[in-house]
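Trainee: what's the 3D shape of this:
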Amino acid sequence: MSHDHTHSTNRNRLLIAIGIVAAVLVVEVVGAWLSGSLSLLADAGHMLSDLAGLVIALMATIVAARPATDRQTFGYRRAEVFGALINGLILVVVAVVVTIGAIGRLVGGEPEVHSVPMLIVAVIGLVANLGALLLLRPAAGHSINMRGAYLEVLGDLVGSATVIVAAVVILTTGFVAADAIASLLIAVLIVPRAFSLLRDVVRVLSEAAPADTDVAEIRDHILGTPGVVAVHDVHVWAITSGAPVFSAHVVCEQSVFRSGGTGALLDELSGCLTKHFDVEHSTFQLEPAEHAAHEDEFHR
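Mentor: Got it, this is the predicted structure:
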């Protein structure tokens with residue numbers, strides 16, 4: 001699938017998800033006002049952050065689809081990473097605000113909560129979030145930006161389920177504090193997702209090797225290629241999630257240069273990276289042993 005088609009598909013998925021989340025957000029705000037439920041309001045606040053995150057993700061997807069230029073030689077695909085960074089920070093802020101509100105209610109006393117409208121709105125939210133989740137799931141494994149959007153909606157789904165449980169508890173037992181406790185649970189559920197997303201963002205921005213890439217195995221593959229004597233100055237990083245980039249200096253036998261076999265060797269090396277390690281963008285510098293010898297002081 002081409003990058004342009006992928007970005008177009010992702011944009012369509014995000015637009016539909018934004019519509020779903022925006023509609024549920026309005027319903028939950030009205031429901032929180034009618035029922036007096038903090039957990040429903042907390043879930044609405046979570047959905048507000050998710051709506052902002054989805055809009056940011058949509059903007060990042062549009063920017064990322066722009067072609068490369070002489071200034072942006074890799075294009076604008078890293079915009080997806082910055083979108084994911086903003087999403088992660090929003091999640092952290094929501095978790096803190098919800099936690100403070102829930103503790104305040106538990107300490108200061110829980111006001112009256114109407115469990116029936118609370119339950120109805122939470123069920124509506126659960127069904128809508130499930131639809132948005134299934135919509136975004138196919139793209140979540142290929143884009144850090146779409147993964148951030150997927151995690152946002154997943155959190156909403158879990159949040160709606162938590163509110164449903166709290167509403168049922170209040171309806172059947174009269175234990176009103178279940179509402180504030182549910183709010184705390186929503187905040188707790190947000191934190192691991194925010195940490196996971198921010199960890200992936202840091203990995204990309206620090207140009208660390210992708211988590212699923214074994215650099216030693218790549219080096220062994222290159223060394224096993226006929227005509228290759230040694231490999232050094234190996235670098236693996238990612239422009240964005242699912243877009244690894246590789247470069248290396250490859251020391252070759254003199255026969256490779258004498259026979260004019262450099263082109264065939266380059267084809268074999270790049271084909272190996274694409275086939276075995278899903279690296280589409282690779283750069284190799286082929287050099288004779290005598291050149292590599294005086295390069296060592298500069299390239300470790």
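Trainee: For Val153, give me the pLDDT.
Mentor: For Val153, the model assigns a pLDDT of 79.
Trainee: check which helix or strand covers it.
Mentor: Element membership of Val153 [criterion: DSSP states H and E] is helix 144-173.
Trainee: again with Val107
Mentor: Assigned by DSSP H and E, Val107 belongs to helix 79-108.
Trainee: In the protein, which residue sits furthest out from the middle?
Mentor: Residue farthest from the centre of the chain, counting by C-alpha atoms, centre = their mean, is Arg258 at 47.7 Å.
Trainee: returning to that earlier point: list the helices and strands the helix holding Val107 packs on?
Mentor: helix 38-64, helix 144-173, helix 178-205 (3 or more C-beta pairs under 8 Å, 6 or more residues apart in numbering; DSSP states H and E). For glycine as for every other residue, the C-beta is placed from the backbone atoms N, C-alpha and C.
Trainee: And the second one, what does it pack against?
Mentor: This means helix 144-173. Counting contacts by 3+ C-beta pairs under 8 Å, 6+ apart, helix 144-173 packs against helix 3-35, helix 38-64, helix 79-108, helix 115-140, helix 178-205.
Trainee: In JSON lines: those helices, plus mean pLDDT.
Mentor: Formatted as JSON lines, the helices and strands packed on helix 144-173 follow (pLDDT from 0 to 100):
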{"stretch": "helix 3-35", "mean pLDDT": "78"}
{"stretch": "helix 38-64", "mean pLDDT": "75"}
{"stretch": "helix 79-108", "mean pLDDT": "82"}
{"stretch": "helix 115-140", "mean pLDDT": "84"}
{"stretch": "helix 178-205", "mean pLDDT": "84"}
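Trainee: most packed of these?
Mentor: Of all these, helix 38-64 has the most neighbours on average by mean count of other C-beta atoms under 10 Å, namely a mean of 25.
Trainee: which strand of the chain spans the most residues?
Mentor: When the chain is parsed with DSSP state E, its longest strand is strand 228-238.
Trainee: And that one, how far out from the chain middle?
Mentor: Once both centres are worked out by C-alpha atoms, centre = their mean, to the nearest Å, strand 228-238 turns out to sit 27 Å from its chain's centre.
Trainee: buried set for the helix or strand just after that strand?
Mentor: Once the chain leaves strand 228-238, the next helix or strand it forms, by DSSP H and E, is strand 244-252. Counting neighbours by 16 or more other C-beta atoms under 10 Å, one finds that the buried residues in strand 244-252 are Pro244, Val245, Phe246, Ala248, His249, Val250, Val251, Cys252.
Trainee: List the contacts of the helix or strand hosting Lys275.
Mentor: When elements are assigned from DSSP H and E, Lys275 belongs to helix 262-277. For helix 262-277, the external contacting residues (C-beta atoms under 8 Å, 6 or more residues apart in numbering) are 213, 217-218, 221-222, 225, 227-228, 244, 246, 250, 252, 256, 279-280, 282, 284, 286.
Trainee: Measure how it sits relative to strand 244-252, angle-wise.
Mentor: 140 degrees (axes from the mean of the first three to the mean of the last three C-alpha atoms, to 10 degrees).
Trainee: Quickly run through the sheet partners of the helix or strand following helix 262-277, with directions.
Mentor: From helix 262-277 onward toward the C-terminus, using DSSP H and E, the following helix or strand is strand 281-288. Sheet partners assigned to strand 281-288 using DSSP bridges are listed as strand 244-252 (parallel).
Trainee: avg pLDDT for the partner strand?
Mentor: 89.
Trainee: report the angle between the axes of that strand and strand 228-238?
Mentor: Counting by the same axes, to 10 degrees, strand 244-252 lies at 170 degrees to strand 228-238.
Trainee: right, and the helix or strand after strand 244-252?
Mentor: Using DSSP H and E, the helix or strand that directly follows strand 244-252 along the chain is helix 254-258.
Trainee: That next one: which residues count as buried?
Mentor: Val256.
Trainee: Show me what it is packed against.
Mentor: Helix 254-258 makes packing contacts with strand 281-288 when contacts are defined by 3+ C-beta pairs under 8 Å, 6+ apart.
Trainee: Show me which positions of the strand it packs on end up buried.
Mentor: Residues Ser282, Phe284, Leu286, Glu287 are the ones in strand 281-288 that count as buried (16+ other C-beta under 10 Å).
Trainee: Render the CA-only coordinates of it in CSV, please.
Mentor: Extracted C-alpha coordinates of strand 281-288, given in CSV (Å, rounded to 0.1, in the frame of the first residue of the first chain):
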residue,chain,number,x,y,z
HIS,A,281,15.4,3.2,3.1
SER,A,282,19.0,2.0,3.4
THR,A,283,22.3,3.6,2.5
PHE,A,284,25.6,1.8,2.1
GLN,A,285,29.1,3.2,1.6
LEU,A,286,31.3,0.6,-0.1
GLU,A,287,35.0,1.0,0.6
PRO,A,288,38.2,-1.0,0.1
